[in-house]
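J.: Here is the input, now give the coordinates:
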Amino acid sequence: MKARTKKITALLAAGCMGVGLLAGCGGSGDTAATKGETGKETEAKSTEDTAGSTAGDTEAPETADAGSEAGGEAAADSTGKSITLMASQNWVKDIDRELFKKFQDKTGIEVKVLVTPDNGYDTLLGTSLSGGSNAVDMFMYSAGSSMISAGIPDVAEDLSGETWSADLEDWALKANSYQDKVIGFSTWGVDYEGILYNKTLFEENKWEVPTTWDGFIALCDQIKEKGITPLYESINGVWHAQSWVYGLTPAMYEEKADFPAYLNESQDNKFADIASFKKGLEQIEQLISAKDGSQPKYYTNDGQSEDFFGSYPSLQNRETAMMFTYSAYAAELAANGSTDEWGMFPVPLLDNQTGVSNGGGVSKFINKNSDNIDECKMLLNFLAEKENLEAYYAARTDLVTSAFKNVDSVSTTTATTDMLERSKKTPEVMFIKDVLYFDTNVYQYIQGFAEGTCTVDQFIENCDNYRAEMFEVAASEAAQ
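T.: Just a heads-up that it's a prediction; the model follows:
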């Protein structure tokens with residue numbers, strides 16, 4: 001057990017192992033390792049950073065004792081039990097908290113949520129689960145190859161015997177299984193990602209949706225002539241910066257139909273071997289590095305000062321016209337009061353006209369070292385009840401499909417239908433869902449493009465070096 005519980009720490013925290021992966025890219029997004037912080041210090045910082053936005057719902061694992069908050073006293077009196085759930089800051093929604101409260105009212109078991117900044121989540125999760133720790137009872141992580149790359153199967157409880165697993169859609173069952181065992185619980189959905197655009201604004205200005213990269217750059221120039229910033233882009237965000245890179249997925253499949261299996265076979269098989277990866281990165285670098293004076297030419301402000309949440313007012317107020325995001329985002333804009341119609345087209349990197357699918361999203365896992373496994377299973381069974389699934393998907397207008405069968409409340413958006421109509425082929429699942437050991441520092445390399453401190457060749461070398469390190473870590477742990 002000792003070797004297996006070390007593995008997740010090694011894999012999740014590998015970006016902080018001092019292997020010199022950032023030598024060629026001086027991105028400004030410091031990680032815990034580059035700042036010299038310990039996991040404990042970083043964890044404390046994460047709690048401080050999120051306390052203002054979570055209003056008492058967030059606690060660090062070491063302070064998550066039953067009854068430590070006013071809201072937890074009733075749970076302590078009735079059962080003496082509480083569950084600590086760890087998640088990245090954008091993964092727990094209001095409806096989650098409502099259902100957790102409903103669960104507490106029914107069972108007396110409190111669900112305490114620990115949220116951390118996106119950029120530090122992997123490191124903090126690895127620290128919280130290391131050495132067989134029971135500091136957190138449950139945690140959230142991306143399903144599919146991402147969970148395998150991170151070593152999640154080594155610390156996740158087997159959920160194959162739970163009755164709700166038979167109700168998962170086929171894609172959700174596959175994404176949340178490892179070696180024929182169900183280990184993840186998903187209430188996310190499949191969505192499509194591409195360039196969200198203000199359809200109403202486009203029609204007013206007679207702007208045409210592009211099908212080539214040159215056409216996309218020309219469109220950006222047209223939009224700038226109207227005094228509007230073409231793109232909202234938060235290159236400081238881990239997941240969002242990666243969007244541009246996995247937008248290359250269809251082109252990579254066109255070049256090499258089995259490229260995920262090829263890359264997963266050996267550390268000797270490299271991203272550098274795939275010509276379209278480099279050619280596509282050159283176009284991304286062209287977009288990100290272009291300047292208008294000292295500012296980015298095609299996207300918001302200096303890029304790095306923007307965060308994802310600033311995109312809502314920016315797009316709604318027509319300060320920006322487009323953003324690389326998911327199709328359900330159109331429903332979020334409508335919920336915020338936007339009256340414009342929103343569409344979506346495949347990102348035309350390398351003249352691509354095929355959409356990209358997210359392959360499923362984020363799941364919940366039970367820490368097999370938790371002292372509260374039965375209570376965690378009770379929570380998942382509760383969340384899987386028909387009434388609660390309907391309430392969840394009715395509230396999650398950012399989801400356009402359901403992980404569970406026969407859910408009536410889920411609905412699509414105009415951007416979803418527009419994307420599917422414009423996609424020349426069935427959208428490809430983004431390659432980070434299938435390729436093992438994709439570098440979590442990619443957002444820093446994108447920042448390097450913006451700052452002129454990272455070249456395309458350095459970007460690729462960093463990714464391949466990271467993969468080689470991960471292959472070696474996995475092999476070392478497997479041998480113990």
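
J.: Poorly predicted segments of the stretch 201-350 of the chain, please.
T.: 302-306 (pLDDT under 70).

J.: For the longest helix seen in the chain, name the packing helices and strands.
T.: Ranked by residue count, the top helix of the chain under DSSP state H comes out as helix 456-479. Contact here means 3 or more CB pairs under 8 Å, 6 or more residues apart in numbering; DSSP states H and E; on that basis helix 456-479 packs against helix 2-12, helix 275-289, helix 442-451. Glycine gets a C-beta too; all of them are placed from N, C-alpha and C.

J.: let's see 10 Å
T.: Applying 3 or more CB pairs under 10 Å, 6 or more residues apart in numbering; DSSP states H and E, we find helix 456-479 packed against helix 2-12, helix 145-149, helix 259-265, helix 275-289, helix 442-451.

J.: Point out the most buried one among those.
T.: Highest mean neighbour count of these: helix 442-451, a mean of 26 (counted as mean count of other CB atoms under 10 Å).

J.: how far out from the middle of the chain is that one?
T.: 18 Å (CA atoms, centre = their mean, to the nearest Å).

J.: Next, the angle helix 275-289 makes with that helix.
T.: 60 degrees (axes from the mean of the first three to the mean of the last three CA atoms, to 10 degrees).

J.: Tell me what angle helix 442-451 forms with helix 456-479.
T.: 170 degrees.

J.: Kindly format the C-alpha coordinates of helix 442-451 as PDB.
T.: C-alpha atoms of helix 442-451 as PDB (Å, rounded to 0.1, in the frame of the first residue of the first chain):
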ATOM      1  CA  VAL A 442       1.000  24.400 -20.600                       C
ATOM      2  CA  TYR A 443      -0.700  27.500 -19.400                       C
ATOM      3  CA  GLN A 444       2.800  28.900 -18.500                       C
ATOM      4  CA  TYR A 445       4.100  28.100 -21.900                       C
ATOM      5  CA  ILE A 446       1.100  30.000 -23.400                       C
ATOM      6  CA  GLN A 447       2.100  32.900 -21.100                       C
ATOM      7  CA  GLY A 448       5.600  32.500 -22.500                       C
ATOM      8  CA  PHE A 449       4.200  33.000 -26.000                       C
ATOM      9  CA  ALA A 450       2.600  36.300 -24.800                       C
ATOM     10  CA  GLU A 451       5.800  37.500 -23.200                       C
END
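
J.: Can you pull the phi/psi pair for the residue minimising distance to the centre of the chain?
T.: Closest residue to the average C-alpha location of the chain: residue 239 at 4.9 Å, with CA atoms, centre = their mean. The phi/psi pair for residue 239 (degrees, to the nearest 10) reads phi -70, psi -40.

J.: Helices of the stretch 51-200 of the chain, residue ranges please.
T.: With DSSP state H, counting those that start in this stretch as the criterion, the stretch 51-200 of the chain has helices at 73-78, 94-107, 121-129, 145-149, 170-175, 199-205.

J.: most packed of these?
T.: helix 121-129 (a mean of 25).

J.: any idea how far that one is from the chain center?
T.: So, by CA atoms, centre = their mean, the centroid of helix 121-129 is 16 Å from its chain's centroid.
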